[in-house]
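Colleague: build me a model from this:
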Amino acid sequence: MRRWWQDLNDLVLPTECGGCGRQRAVLCGRCRAALLGTPPRRARPAPEPPGLPAVYAAARYGDEVRAALLAHKERGALALARPLGEALAGAVRAGLRGAGAAGSGREVLLVPVPSSRGAVRARGHDPARRIALAAAARLRATGTPARVAAVLRQRRPVADQSGLDARRRADNLAGALAVTRAGGVLLAGGGRIVLVDDLVTTGASLAEAARAVGRQVRDGRESTAVHGDPAPPVYAAASREVRENEGEGTARSMVERRCGTARTADGTPGADGPAGLGRVVCAAVVAASHASFEINRN
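Modeller: Below you'll find the model as predicted:
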């Protein structure tokens with residue numbers, strides 16, 4: 001009982017800053033500046049995995065930003081979802097501008113890279129999905145129609161990515177993700193698709209997500225969807241976050257189409273057709289590793 005009350009109290013009245021741990025605030029001014037004080041920029045892992053869309057990051061992964069992301073992900077500091085979502089929303093806007101897909105008025109579909117069922121159960125929440133929900137709310141509040149489309153799920157177990165190099169991460173994730181049956185219907189309805197995650201290191205997860213979504217959109221059919229429940233069992237019940245976002249409307253009717261993969265001016269996969277409708281426009285993350293955040297290849 002005491003533990004439950006302490007968790008609730010920390011959510012409403014946080015005892016320490018999620019970035020530095022010193023001030024009684026969700027995120028103190030200095031740590032907020034580290035997260036939001038730098039304009040989002042392209043993040044380019046080296047080497048870039050094949051199929052990786054243009055990735056935009058809000059901040060460099062280190063110090064206060066790293067601490068805030070880990071506090072939200074591993075320690076359940078859920079109040080951090082709001083500032084992290086604000087940072088992700090900024091990266092999404094930068095990505096849309098970079099792909100020439102901003103200002104179309106069409107809905108932006110934020111597709112989070114899914115956590116494994118075991119990780120969600122252990123943590124009690126899906127961090128990337130929760131941050132994506134906060135980002136969608138921020139985008140809507142600033143005039144960009146957006147919603148979270150949690151259409152991806154793992155179709156097979158994958159090994160822990162920590163400790164794996166870029167090649168082994170790519171091998172570990174190859175073919176691991178698929179679009180759910182209900183997700184295929186949602187993606188067929190069009191929209192500007194932006195893949196989102198909390199962090200990019202090698203880009204393997206985002207590249208695999210782009211492959212799964214791109215194949216579903218290209219085929220325009222359910223052959224690549226995972227059969228069974230339309231969402232992981234951990235989300236079977238109508239949770240508050242589902243009601244806030246995914247319950248806003250009904251699924252659109254299936255539209256059969258076949259589409260290719262276009263590339264942006266710098267040669268990365270991106271928007272295709274008017275404002276990238278129904279295509280993976282770009283990817284956006286809260287933070288990128290130091291090296292990929294700093295590299296700026298022309």
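Colleague: what is the helix ranked longest in the chain packed up against?
Modeller: In the chain, with assignment by DSSP state H, the single longest helix is helix 81-98. Helix 81-98 sits against helix 29-36, strand 55-60, helix 63-74, strand 108-112, helix 127-141, strand 192-200, strand 279-288, with contacts defined as 3 or more Cβ pairs under 8 Å, 6 or more residues apart in numbering; DSSP states H and E. C-beta here means a position set from N, CA and C on the backbone, and glycine is covered the same way.
Colleague: let's see that with 10 Å instead.
Modeller: Applying 3 or more Cβ pairs under 10 Å, 6 or more residues apart in numbering; DSSP states H and E, we find helix 81-98 packed against helix 29-36, strand 41-43, strand 55-60, helix 63-74, strand 108-112, helix 127-141, strand 192-200, strand 279-288.
Colleague: buried sites along the first one?
Modeller: Read it as helix 29-36. Cys31, Arg32, Ala34, Leu35, Leu36 (16 or more other Cβ atoms under 10 Å).
Colleague: now for those residues, which pair is the farthest apart?
Modeller: Cys31 and Leu36 (9.6 Å; Cβ to Cβ).
Colleague: where does the stretch 101-250 of the chain have low pLDDT?
Modeller: 157, 159-165, 171-172, 175, 220-250 (pLDDT under 70).
Colleague: just so I have it, where are all the helices in it?
Modeller: In the stretch 101-250 of the chain, the helices defined using DSSP state H, counting those that start in this stretch lie at 117-123, 127-141, 166-173, 181-188, 204-219, 240-244.
Colleague: out of those helices, flag the one nearest Ala284.
Modeller: helix 127-141 (8.1 Å).
Colleague: leaving out chain neighbours, which residue sits closest to Pro45?
Modeller: Leaving out its chain neighbours, the residue that sits closest to Pro45 by Cβ to Cβ, 6 or more residues apart in numbering is Gly203, at 4.1 Å.
Colleague: residues touching the one you found, list them.
Modeller: Applying Cβ atoms under 10 Å, 6 or more residues apart in numbering, we find Gly203 in contact with 43-53, 55, 166, 169-170, 197, 210, 283, 285, 288-289, 292.
Colleague: can you say which of the residues you listed are buried?
Modeller: If you count burial by 16+ other Cβ under 10 Å, the buried members of the contacts of Gly203 come out as 43-45, 48-49, 51-53, 55, 166, 169-170, 197, 210, 283, 285, 288-289, 292.
Colleague: go through the helices of the stretch 101-250 of the chain and name the closest to Ala81.
Modeller: helix 127-141 (4.6 Å).
Colleague: what are the buried residues along the closest one?
Modeller: For helix 127-141, using 16+ other Cβ under 10 Å, the buried residues are 127-140.
Colleague: how about stretch 91-100?
Modeller: Ala91, Val92, Arg93, Ala94, Gly95, Leu96, Gly98, Ala99.
Colleague: ok, the second one - contacts?
Modeller: What it means is Val92. 40, 56, 58, 102, 108, 110, 132, 135-136, 138-139, 144, 146, 192, 194, 196, 281-285.
Colleague: and it, what pLDDT?
Modeller: The model reports Val92 with a pLDDT of 98.
Colleague: now it: how far from Cys20?
Modeller: Look at Val92 and Cys20: by Cβ to Cβ, to the nearest Å, they are 26 Å apart.
Colleague: with the fourth one instead?
Modeller: For Ala94, the distance to Cys20 (Cβ to Cβ) stands at 26 Å.
Colleague: now swap in the third one and tell me
Modeller: Relative to Cys20, Arg93 is positioned 27 Å away (Cβ to Cβ).
Colleague: and what of the last one?
Modeller: Relative to Cys20, Ala99 is positioned 35 Å away (criterion: Cβ to Cβ).
Colleague: reformat the buried residues of helix 29-36 as CSV; add pLDDT.
Modeller: Converted to CSV, those look like this (pLDDT from 0 to 100):
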residue, pLDDT
Cys31, 95
Arg32, 95
Ala34, 96
Leu35, 97
Leu36, 97
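Colleague: dump the residues you listed to CSV, plus distance to Leu70.
Modeller: As requested, these are arranged in CSV below (distance: Cβ to Cβ, whole Å):
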residue, distance to Leu70
Cys31, 13
Arg32, 17
Ala34, 14
Leu35, 13
Leu36, 18
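Colleague: let me know the closest of these to Arg155.
Modeller: For the buried residues of helix 29-36, the nearest to Arg155 is Leu35 (33.4 Å; Cβ to Cβ).
Colleague: contacts only, for the closest residue to Leu36 other than its chain neighbours.
Modeller: Nearest residue to Leu36, sequence neighbours excluded (Cβ to Cβ, 6+ apart): Ala87, at 5.6 Å. Ala87 makes contacts with 32, 35-36, 38, 40, 57-59, 65, 68-69, 131, 134-135, 138, 198, 284-287, as judged by Cβ under 10 Å, 6+ apart.
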